[in-house]
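S.K.: Below: sequence and its predicted model.
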Amino acid sequence: MLKKKSYTELEIRRVAEDMMGLCAVCGNSGYLVLLASELREAHLFSFWDSLIVASAMVSGCNVLANEDMQDGRVISGLLIKNIFVEHK
């Protein structure tokens with residue numbers, strides 16, 4: 001959000017607060033770290049991207065909004081959508 005949309009930190013916090021009001025927040029656990037490691041190995045993600053995908057999967061998400069991963073990619077039923085690309 002800093003690079004793509006030039007949001008200030010305050011604006012980013014407001015967006016995060018809005019999103020947290022709509023979504024479940026998932027904390028780290030040992031299981032999540034191990035799942036992230038498996039995803040990183042299988043899909044060649046960075047560790048942090050793997051942790052994001054693992055968190056979405058464990059939380060039961062169907063769609064993961066992310067600007068850095070391959071738009072339209074599906075991993076174990078989880079659809080990755082680039083939030084900065086207009087979809088028709």
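M.R.: Structure received.

S.K.: Can you say which helix or strand has the residue nearest the centre of the chain in it?
M.R.: Geometric centre of the chain, nearest residue: I52, 4.4 Å, by Cα atoms, centre = their mean. Using DSSP states H and E, I52 falls within helix 47-58.

S.K.: May I have the strands that pair with the helix or strand just after that helix, each with its orientation?
M.R.: Next in sequence after helix 47-58, counting helices and strands by DSSP H and E, comes strand 63-65. Strand 63-65 pairs in its sheet with strand 78-81 (parallel), by DSSP bridges.

S.K.: for the protein, which spans come out with low pLDDT?
M.R.: The model of the chain has pLDDT under 70 over residues 87-88.

S.K.: and N28, which of the three is it?
M.R.: coil (DSSP: H, G, I helix; E, B strand; the rest coil).
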